[in-house]
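> Please find the sequence and the predicted model below.
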Amino acid sequence: MSARDLGMGNVAGSTSAKVAGARLLSLPGIGPWTVAYVQARALGDPDTFLPTDLGVRRALRCVDQRAGAGAAHELAQRWRPWRSYALHHLWASLDAPVPTEVSK
């Protein structure tokens, strides 16, 4: 099934991420995490956040933030309307080496 089959037209085109998300949610097996991921990555929505994502929660723990889904959602409100960018930074931070010793 393609984006055109779902009535979403050109996925990166004129259909809003919210409308596309609602249509995707109507499909069996597609849940909120998948919809948010598609909105951020494929549809270019700059304000999508995945507070239940384990990578996000791990990254937040690394910077001493509360890492539960509710706490992540609350923290992300400060990043509106650019939460997708924060999401990418959090994921990228997981690839950064973690210092094991403090430099003097």
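It's in.

> and stretch 89-99, how far out from the chain's middle?
Chain-centre distance of stretch 89-99: 16 Å, with Cα atoms, centre = their mean, to the nearest Å.

> List the buried residues in it.
L90, S93 (16 or more other Cβ atoms under 10 Å). The C-beta positions use only the backbone N, C-alpha and C, and glycine is treated the same way.

> Please apply the same query to stretch 57-66.
R57, A59, L60.

> would a markdown table of those residues with pLDDT and distance to S16 be doable?
Listed next are the buried residues of stretch 57-66 as a markdown table, based on pLDDT from 0 to 100; distance: Cβ to Cβ, whole Å:
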| residue | pLDDT | distance to S16 |
| --- | --- | --- |
| R57 | 91 | 28 |
| A59 | 92 | 28 |
| L60 | 91 | 28 |
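
> would you turn those residues into TSV with secondary structure and distance to H88?
Conversion of these to TSV gives the following (DSSP: H, G, I helix; E, B strand; the rest coil; distance: Cβ to Cβ, whole Å):
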residue	secondary structure	distance to H88
R57	helix	15
A59	helix	11
L60	helix	14
